[in-house]
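Trainee: fold the following for me, if possible:
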Amino acid sequence: MPKLKSKSGAKKRFSFTATGKVKANQSGKRHMMRRRSKRFIRDQRGTTILNESDARIVKKFLPYG
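Mentor: Here you go, the predicted model:
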């Protein structure tokens, strides 16, 4: 079997934890920040773990994850 290709965009945006969960950056912080609350901005720092239904989609794009 040939090697499987990964989606390049997914390689840059997602990574895996040691237990196999999908880790991603928080969304919603690029523009129109003045209307967002300070609490929202604070909570969006760092990364988050995707839920199972989204993680299943991402794992198709990253076959060796």
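
Trainee: tell me who's in contact with the most centrally placed residue in the chain.
Mentor: Most central in the chain under CA atoms, centre = their mean is A24, positioned 2.3 Å from the mean C-alpha point. A24 is in contact with R13, F14, T47, T48, I49, L50, V58, counting by CB atoms under 8 Å, 6 or more residues apart in numbering. Where you see a C-beta, it was placed from the backbone N, CA and C, and this is true even at glycine.

Trainee: name the helix or strand for I41, please.
Mentor: helix 38-43 (DSSP states H and E).

Trainee: C-terminal to that helix, what's the next element?
Mentor: Next element after helix 38-43 (DSSP H and E): strand 47-49.

Trainee: which residues does the closest residue to G28 other than its chain neighbours contact?
Mentor: Distances taken as CB to CB, 6 or more residues apart in numbering place Q44 nearest to G28, at 6.1 Å, with adjacent residues excluded. Residues in contact with Q44 (CB under 8 Å, 6+ apart) are Q26, S27, G28, K29.

Trainee: at 7 Å what do you get?
Mentor: Applying CB atoms under 7 Å, 6 or more residues apart in numbering, we find Q44 in contact with Q26, G28, K29.

Trainee: sort out which one of these lies nearest D54 for me.
Mentor: Ranked by distance to D54 (CB to CB), the contacts of Q44 are led by Q26 at 13.5 Å.

Trainee: wait, doesn't that closest one sit right on R42?
Mentor: No: contact between Q26 and R42 fails when scored by CB atoms under 7 Å: they sit 10.8 Å apart.

Trainee: more neighbours: these two, which one.
Mentor: Q26 (12 against 8; other CB atoms under 10 Å).

Trainee: from T19, how far out is the more buried one?
Mentor: 20 Å (CB to CB, to the nearest Å).

Trainee: just the helices in this protein please.
Mentor: Secondary structure of the chain (DSSP state H): helices located at 8-13, 38-43, 52-61.

Trainee: got TSV for these, with distance to M1 too?
Mentor: Converted to TSV, the helices of the chain look like this (distance: least, CB to CB, whole Å):
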stretch	distance to M1
helix 8-13	20
helix 38-43	43
helix 52-61	17
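
Trainee: would CSV of those with mean pLDDT be doable?
Mentor: Formatted as CSV, those follow (pLDDT from 0 to 100):
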stretch, mean pLDDT
helix 8-13, 95
helix 38-43, 96
helix 52-61, 96
